[in-house]
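J.: what's the 3D shape of this:
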Amino acid sequence: MIDKVVHSLAEAVAGIPDGATVMIGGFGGAGMPSELVEGLIAQGASGLTIVNNNAGNGETGLAALLKARRVKKIICSFPRQVDSQVFDGLYRAGDIELELVPQGNLSVRIQAAGSGLGAVYTPTGFGTELAAGKETRRIDGRDYVLEFPIHADFALIKAHRGDRWGNLVYRKSARNFGPIMATAARCTIAQVDAVVPLGELDPEAVVTPGIFVQRVFATGPGAAAGRAAAPGGTR
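T.: Below you'll find the predicted structure:
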């Protein structure tokens, strides 16, 4: 019987080693798997490379992971904002490495990894410092920069609901980077508001199929529901 539901944060983030590359979903606070990040802090992995849209807000979530000095490098498109004081302090002190990637390029590089592509040509960044040292090419009269896929060992994402097979549906803008990150990581860990019985999710609404998800952790009272079998079957 396939059951990907785990019942504690410790179990959810078990096995993430020092030096791992970890994708973390979210656009600011929307779609940020805060509980999984807290579990990762408690788990103790260090020397991490984090792939995220931004570099944390305030001193919670991703910012708390940075403050705990568990991150050696961050790959993101929006590192600085009004409340990014944790990242700002670490970067100015030379205690964290930044790879700045335009947001569209960040998305397409993650998608390239999930699609099995070797590289992609994009016009974004051509002629800027972000293209320094990179291969360029003119195609149909337009200049492009060669960008390589971003793969990850683990992806921590947040969804609205899931089932024990790992099928996921999202809520509005919280969807953002989660679906593509799930395809680009060797192990995807999904934080969901509730686990529902098999068959309850509308197949037409499933954005991330369970084949891309290895662990599901419910933060609400719906954790037990997903262990119930769909009517007429137990698989």
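
J.: For the residue lying closest to residue 123 once chain neighbours are set aside, give its distance to residue 114.
T.: Excluding the flanking residues, the one nearest residue 123 by CB to CB, 6 or more residues apart in numbering is residue 144, at 5.4 Å. Where C-beta positions appear, they are placed from N, C-alpha and C, glycine not excepted. Distance of residue 144 to residue 114, computed by CB to CB, to the nearest Å: 21 Å.

J.: Also residue 47?
T.: Going from residue 47 to residue 114 by CB to CB gives 25 Å.

J.: try residue 139
T.: Distance, residue 139 to residue 114, using CB to CB: 23 Å.

J.: between these two, which one's more packed in?
T.: Comparing residue 139 with residue 114 by neighbour count (other CB atoms under 10 Å), the higher total belongs to residue 114, at 19 against 9.

J.: Which positions in the helix or strand in which that one is found come out as buried?
T.: For residue 114, the host element (DSSP states H and E) is helix 103-115. For helix 103-115, a neighbour-count test (16 or more other CB atoms under 10 Å) marks 105-114 as buried.

J.: Stretch 145-155 too?
T.: So stretch 145-155, judged by 16+ other CB under 10 Å, has buried residues 145, 147, 149-155.

J.: what ranges do the strands span in this structure?
T.: For the chain, the strands defined by DSSP state E cover 5-6, 21-24, 48-51, 71-76, 97-100, 120-122, 136-139, 142-147, 152-162, 168-169, 185-195, 215-222.

J.: For residue 13, which of those strands is the nearest?
T.: Residue 13 lies closest to strand 185-195 among the strands of the chain, at 6.8 Å (CB to CB).

J.: What residues sit buried inside the closest one?
T.: Across strand 185-195, burial judged by 16+ other CB under 10 Å covers 185, 187-195.

J.: Which neighbours in the sheet does it have, and how are they oriented?
T.: strand 152-162 (parallel), strand 215-222 (parallel) (DSSP bridges).
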